[in-house]
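A.B. asks: Below: sequence and its predicted model.
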Amino acid sequence: MVVAHSELAVAVVFLPLLASVIAGLFGRAISDRGAQLLTCGAMILAAVLSIPLFQEVTAAEGPHIIPLFPWIVAGGVAVEWTLRLDTLSAVMLMTVSIASATIHVYSIGYMAHDKSIPRFMSYLSLFTFFMLALVTANDFVQLFFGWEGVGLMSYLLIGFWYDRPSANAAAIKAFIVNRIGDFGFALGIFATFVLFGALDFDTVFGAAPSAVDKTMNFLGWEVPALTLACILLFIGAMGKSAQLGLHTWLPDAMEGPTPVSALIHAATMVTAGVFMVARLSPMFEYAPTALAVVGVIGGTTAIFAASVGMAQNDIKRVIAYSTCSQLGYMFFAAGVSAYAASIFHLFTHAFFKALLFLAAGSVIHAMGGEQDMRRMGGLWRKIPITGTVMWIGSLSLAGIPFFSGYFSKDTILEAAWASGTAVGRYSFCLGVFAAFMTAFYSWRLLFMTFNGEPRADEETMHHAHESPWVMLIPLFVLAAGAIGAGYLFQGLFVGEERAAFWKHAILVLPEHDSLAAREQISWVIGSLPLVAGVLGIAMATLFYIVDPRLPARFTAQFRALYLFVLNKWYFDELYDWLFVRNAFTLGDGLWKTGDGMLIDGIGPDGIAARTRDLARQASRLQTGYVYHYAFAMLIGVVAFVTWYLVPR
């Protein structure tokens, strides 16, 4: 069994890396089709192998550690590259590899006419490898390696079409914002090492209870050390998972090709923060203040992103803000110690969100690159298969029984209320309101895209067509997950079997067990998310089907509110005013005043200017008249004689 664990795990993690290297280095030699077949084949094989690996790992009694090779030896720190196999990593391996495999296959059709297919396929596979390395990490160093790897690949994939200035700007923005979060993450790792003297998870987790009362000096303040470490680590999660404050990069990431959007938003980069908090539950459970911060930020992000999604007109941006909102749900679930519900929603979300993004890509493909929903409409007759799977994804996203999102989202909201804490009640109220908004913007997207009269020009509508089968088959796979994953895995993830399923992969202290407490809540509380979703659908139907004039009237009546959410709560403008303009002003001042006037003026330019001036003055002595030279010689002789005659 151990040998099977090791071989399957190594294959699942390193197959994407091998395919990426070959496609990247030998792409021209093996041709575009060869690169596609290689990377897709490796990814499909990894996805298939992840299923028996999941079954074997979840059947085992405890975590299995697979040492591969020594990695870093510096001073008293020795780090090996190891694979940690437990229920949490097995769930993530299966989720990431299956979602990535469908996106790889979809990319064959979507990127068929691109000029850099081997590079794109290599990037996709390398992105997947870094995420797999992250979820199998057994220490903070390897976790940081995968963490930074997915950040690097997001930069390369968002800016894949580097001839577009908007894509370059979006890639730089994502990179910089994530560096801010990663700075906090790195500080959290340093604080953990100072506190525990180790970086491997087992040592840190075992010593966490004894660190509750320890303090640490931070910026001149004595603060609880474990709380400080957890909050700093969570700042890293805020950047990667686009939580409020460090979320601004996520919508701009839509500048990359649609398969990139699906890969980033469904099961890889943005879920890394959620996975990290769940993995570090043995630390967070003993830092209730840090958990409260996670819960408040998550709940606020859920309502913020949902409100912004209601007003967006770009089909991919609507889904992007939906991702941001759903990540908020996952985090406030972790904030009330419902880590299992958080990972359950991560699992179901991977299917229906990848489905929605790839279906949106199918719509864009049909419309010749058009992404503005105001220029769509009436597409149901042209692309009925895409329309059907997009309805399935939206039903799951809105939490309609008995689709996958219904099971995971309702579990989160019930656990938040059942926790009985102020943070839990706060998150529950915002989560229910966000559920209403989610249903509204989901059906707004469906109605504006597929229903009503066409708003595109006649030529565009004439050429609108269903995507090729290589793009549709991945949609069917994801649709199956969006329909059945929640029902099939509910008992294991959050039901009566959860203790035997998770074992020691997640720690929840008995007094924090909100999943157990949710069995005591009333049916009224449990029904509120569904009621909110139905009301959201009804409102969207009223606005976009019954009386399509209502949206214009509403936005005119509440102009300030509409502009507020349309402009994303003005976060970009605020950051531009606070940081970007001041940074440019500072840079301009340092360049012109500091570098130009002071350094160059006094230094190289100043010396050169003085030398030229002296040379110019000296050149005036060269008049060409003999009596001038004789006079100069006479002055020299007088000065020479005077020097020797004057007594000293």
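C.D. replies: Right, received. Where do you want to start?

A.B. asks: now stretch 103-110, how far from the chain's geometric center?
C.D. replies: Between the mean C-alpha location of stretch 103-110 and the chain-wide mean there is a distance of 21 Å, by C-alpha atoms, centre = their mean, to the nearest Å.

A.B. asks: Could you export it as CSV, keeping only the C-alpha atoms?
C.D. replies: Coordinates of the C-alpha atoms in stretch 103-110 are reproduced here as CSV (Å, rounded to 0.1, in the frame of the first residue of the first chain):
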residue,chain,number,x,y,z
ILE,A,103,-9.1,22.9,-19.1
HIS,A,104,-6.1,21.5,-20.9
VAL,A,105,-8.4,19.6,-23.3
TYR,A,106,-10.6,22.7,-23.8
SER,A,107,-7.6,24.7,-24.7
ILE,A,108,-7.0,22.6,-27.8
GLY,A,109,-10.0,24.1,-29.4
TYR,A,110,-10.0,27.6,-27.8
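
A.B. asks: May I see the buried residues of that stretch?
C.D. replies: Taking 16 or more other C-beta atoms under 10 Å as the basis for neighbour counts, the residues of stretch 103-110 that come out buried are 103-110. For glycine as for every other residue, the C-beta is placed from the backbone atoms N, C-alpha and C.

A.B. asks: Summarise which helices and strands the longest strand seen in the chain is packed against.
C.D. replies: The strand that spans the most residues within the chain, counting by DSSP state E, is strand 64-74. With contacts defined as 3 or more C-beta pairs under 8 Å, 6 or more residues apart in numbering; DSSP states H and E, the packing partners of strand 64-74 are helix 2-59, strand 77-85, helix 140-158.

A.B. asks: Swap in 7 Å and give it another go.
C.D. replies: Taking 3 or more C-beta pairs under 7 Å, 6 or more residues apart in numbering; DSSP states H and E as the contact definition, the neighbouring helices and strands of strand 64-74 are helix 2-59, strand 77-85.

A.B. asks: What I need now is these written out in a markdown table, including mean neighbour count, distance to F352 and mean pLDDT for each item.
C.D. replies: Conversion of the helices and strands packed on strand 64-74 to a markdown table gives the following (neighbours: other C-beta atoms under 10 Å; distance: least, C-beta to C-beta, whole Å; pLDDT from 0 to 100):
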| stretch | mean neighbour count | distance to F352 | mean pLDDT |
| --- | --- | --- | --- |
| helix 2-59 | 19 | 18 | 90 |
| strand 77-85 | 19 | 27 | 86 |
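
A.B. asks: Which one of the ones you listed lies nearest to N451?
C.D. replies: Nearest of these to N451, taken as C-beta to C-beta: helix 2-59 at 34.5 Å.

A.B. asks: Tell me what angle the closest one forms with helix 140-158.
C.D. replies: 80 degrees (axes from the mean of the first three to the mean of the last three C-alpha atoms, to 10 degrees).

A.B. asks: Packing partners of helix 2-59?
C.D. replies: Contact here means 3+ C-beta pairs under 7 Å, 6+ apart; on that basis helix 2-59 packs against strand 64-74, strand 77-85, helix 87-110, helix 117-135.

A.B. asks: what's the closest of those to L219?
C.D. replies: Ranking those by distance to L219, with C-beta to C-beta as the measure, places strand 77-85 first at 25.4 Å.

A.B. asks: In the stretch 51-200 of the chain, where is pLDDT below threshold?
C.D. replies: Using pLDDT under 70 as the threshold, the predicted model of the stretch 51-200 of the chain has low-confidence ranges 76.

A.B. asks: ok, the residue most central in space within the chain to F351 distance?
C.D. replies: To find the centre residue of the chain, average its C-alpha atoms and take the closest one (C-alpha atoms, centre = their mean): that gives V270, at 3.0 Å. Computed as C-beta to C-beta, to the nearest Å, the V270 to F351 distance reads 15 Å.

A.B. asks: Then L634?
C.D. replies: According to C-beta to C-beta, L634 and F351 sit 101 Å apart.

A.B. asks: Name the residue in these two with the higher neighbour count.
C.D. replies: It is F351, of L634 and F351, that has more neighbours when counted by other C-beta atoms under 10 Å, with 31 against 10.

A.B. asks: Next, the contact list for that one, please.
C.D. replies: Neighbouring residues of F351 by C-beta atoms under 7 Å, 6 or more residues apart in numbering: 404, 478, 481-482, 485.

A.B. asks: From the residues you listed, which land in helices?
C.D. replies: When the contacts of F351 are checked against helices (DSSP state H), the matches are 404, 478, 481-482, 485.

A.B. asks: Put the alpha carbons of the longest strand of the chain into CSV.
C.D. replies: Listed in CSV are the C-alpha atoms of strand 64-74, where the atom choice follows Å, rounded to 0.1, in the frame of the first residue of the first chain:
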residue,chain,number,x,y,z
HIS,A,64,1.9,9.2,4.8
ILE,A,65,5.2,11.2,4.2
ILE,A,66,7.2,10.4,1.1
PRO,A,67,10.8,11.8,1.3
LEU,A,68,12.2,12.4,-2.2
PHE,A,69,15.6,14.1,-2.0
PRO,A,70,17.5,16.7,0.2
TRP,A,71,16.7,20.2,-0.9
ILE,A,72,18.1,23.0,1.4
VAL,A,73,20.8,22.6,4.0
ALA,A,74,21.7,25.9,5.7
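
A.B. asks: tilt between it and helix 2-59?
C.D. replies: Going by the same axes, to 10 degrees, strand 64-74 makes 110 degrees with helix 2-59.

A.B. asks: Okay, buried residues for strand 64-74 please.
C.D. replies: With burial defined by 16+ other C-beta under 10 Å, the residues of strand 64-74 counted as buried are 64, 66.

A.B. asks: Please enumerate residues in contact with it?
C.D. replies: Taking C-beta under 7 Å, 6+ apart as the rule, strand 64-74 contacts 2, 5-6, 9, 57, 79-85, 138, 141.
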